[in-house]
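# Attaching a predicted model along with its sequence, questions to come.
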Amino acid sequence: MSSPYIIVVGASAGGVEVLKTLVAGLPEDLDAAVFVVLHVPAYAPSHLPEILDAAGPLTAAFAEDGERVRPGRVYVARPDHHLLLDGDHVAVQRGPKENRFRPSVDALFRSAAYSHGPRVVGVVLSGALDDGTSGLWTVKRLGGTAVVQSPAEARFDSMPRSAMDFVDVDHSCPADEIGPLLLRLMDNPAPDVEAEPGAEIDRARAKIEVSVAATGNAFQQGIMDYGTLTPFTCPECHGA
């Protein structure tokens, strides 16, 4: 793969304008591929690719399952489908929802971290609740860089604030500074950093979680070997 960096971006409520600002700050010759998850209704048309394509010089389009990752492109998650990375290719799948969302920010971030480790920059933008926190934590644990929009200027601050509460974030800045920040990060080769202590366990867990997001079959893939059981039931399938 020619691109040294993978940029994964997650947003929800209030995220469209921030995404436009971020994309507008990136050049046509960006030596990185950009992946975007925005929470949208499952069965409503999304015009986000057209919006982002018009916002800056990068080509933006819905991701296609199996296509090869190329720098200078913005890959947008389709409604009701997870956007994942499978090595140097894109995976578009309908695995189980996470945090009641499909596409899920966490699923994208986790798959990028598993496939590309320290070459990943995770960016959490405006949104409610906490989707993105778990995925950004995995990005950091596997050697990547964590960026959040400043909660004080986010229209909905829950997602960036949750990320800052639970992840050792590298950078927090206003929306109009995120694009220039990413360019500064791109100026240097992807860092060859050591993963956090115990990261191999996290990597093994991420492998299972990515596979579940892509295919389902959580029990068959050993998900019961990780974490602690809770008394809560799933709001989708109503199972324990």
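Okay, I see it.
# give me every residue that touches the residue nearest the centre of the chain.
For the chain, residue 109 is the residue whose C-alpha lies nearest the centre (C-alpha atoms, centre = their mean; 3.5 Å). Residue 109 makes contacts with 8, 10, 120, 122, 132, 134-136, 138-139, as judged by C-beta atoms under 8 Å, 6 or more residues apart in numbering. Yep, even glycine has a C-beta here, placed from its N, CA and C like the rest.
# if we go to 7 Å?
For residue 109, the contacting residues are 8, 10, 122, 132, 135-136, 138-139, by C-beta atoms under 7 Å, 6 or more residues apart in numbering.
# Surely it forms part of a helix?
Yes: the assignment for residue 109 by DSSP: H, G, I helix; E, B strand; the rest coil puts it in a helix.
# ranges for the helices of the chain?
15-24, 48-55, 105-116, 133-141, 158-166, 175-186, 199-215 (DSSP state H).
# Make JSON lines out of those helices and add distance to residue 127 and mean pLDDT.
Listed next are these as JSON lines, based on distance: least, C-beta to C-beta, whole Å; pLDDT from 0 to 100:
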{"stretch": "helix 15-24", "distance to residue 127": "6", "mean pLDDT": "98"}
{"stretch": "helix 48-55", "distance to residue 127": "14", "mean pLDDT": "98"}
{"stretch": "helix 105-116", "distance to residue 127": "8", "mean pLDDT": "96"}
{"stretch": "helix 133-141", "distance to residue 127": "11", "mean pLDDT": "96"}
{"stretch": "helix 158-166", "distance to residue 127": "4", "mean pLDDT": "98"}
{"stretch": "helix 175-186", "distance to residue 127": "13", "mean pLDDT": "95"}
{"stretch": "helix 199-215", "distance to residue 127": "19", "mean pLDDT": "82"}
